[in-house]
Structure formats: structure tokens, C-alpha cells
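Engineer: Need a 3D model of the following:
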Amino acid sequence: QVQLVESGGGLVQAGGSLRLSCAASGRLLSTYVMAWFLQAPGKEREFIAGISWSGGSTDYADSVKGRFTVSRDNAKNTVYLQMNGLKPEDTAVYYCAARRYTSVLVRTQSAYGYWGQGTQVTVSS
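Structural biologist: Residues are numbered from 1 along each chain as shown. Alright, predicted model coming up:
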């Protein structure tokens, strides 16, 4: 069992940057595929970025491609989401998620068995 805790959210002006962190405890993250999802008010949770065990493969939703970067430091048991060029429409609760026993990076949230509690990101115009 792995426990995930996100941090780094907050209020930022449009065009600004934030770096979210997802720290894991309980098990080493090195055998988990990791992903970030967001849930905007009144909307479904959606995939925005994912990263493979080694960090060698990444995947991004079109809405964040070129602005967000997902990375991981397995030695620190932490995954990051660097968010640049933030827009008001990026305002949401951001969640990290973990998927074990497979090396396949997917976008389907039901494939991820472990979730953090979320961190709020608010982008003002």
C-alpha cells in the first residue's frame, strides 16, 4: 500500500508558474506508473500528465502539452508537476495517482488504484 500526499498548490496570476509535488510513503514509487489528474468545479476528473517507472516515457493531455512537465525522483519517492504559463482555465484540484503491477502508462483514472487527497490550484486573470 502506498500513501500519496500532494503539495505546492496555491493562488497564482495568469502566466505564472507553480510546481506541485506528490510524496509517497509506505512503498517505493519506483515500481509505480504515476499520473496527475485535475478536477475543475462541476466537471469530471481528467488526466493531464503521466510518467513511467523510470521516467523515460511521459504523456500529456493536449491542454497542457508544452506548458506542464511531469518528472519523478525515485530516490526521493516523489513525483513533480511543473506548471508554466498557467491560465485561469487551469484552476482545479490537482491529484496525483499511482498504478502498480504494470509498466503501461494510461490515461484512464479507473486504472489507478492509489490517489492523493488533492491540492487546489487557482489561477487569477
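
Engineer: what helix or strand does the spatially closest residue to Gly16 that is not a sequence neighbour sit in?
Structural biologist: The shortest distance from Gly16 to any non-neighbouring residue, by Cβ to Cβ, 6 or more residues apart in numbering, is to Leu86 (5.4 Å). Using the backbone N, CA and C atoms, a C-beta is placed for each residue, glycine as well. Under the criterion DSSP states H and E, no helix or strand holds Leu86.

Engineer: Quick check: phi and psi at Leu86.
Structural biologist: Per-residue torsions, Leu86: phi -60, psi 140 (degrees, to the nearest 10).

Engineer: cool, Ser110 as well?
Structural biologist: When read as degrees, to the nearest 10, the backbone of Ser110 gives phi -70, psi -10.

Engineer: mind listing the strands for this structure?
Structural biologist: In chain order, the chain shows strands spanning 3-7, 10-13, 18-25, 32-39, 46-51, 58-60, 68-73, 78-83, 92-100, 114-115, 119-124, with DSSP state E as the criterion.

Engineer: With Thr108 as the reference, name the closest of those.
Structural biologist: Checking these against Thr108 by Cβ to Cβ gives strand 46-51 as the closest, at 7.7 Å.

Engineer: now for that closest one, which elements pack on it?
Structural biologist: Based on contacts counted as 3 or more Cβ pairs under 8 Å, 6 or more residues apart in numbering; DSSP states H and E, the elements that strand 46-51 packs against are strand 32-39, strand 58-60, strand 68-73, strand 78-83.

Engineer: end to end, how far does stretch 41-56 reach?
Structural biologist: One end of stretch 41-56 to the other measures 33 Å (Cα to Cα, to the nearest Å).

Engineer: got the contact list for it?
Structural biologist: Applying Cβ atoms under 8 Å, 6 or more residues apart in numbering, the contact partners of stretch 41-56 are 30-39, 57-61, 63-64, 68-72, 74, 79, 81, 91-92, 94-95, 103, 105-109.
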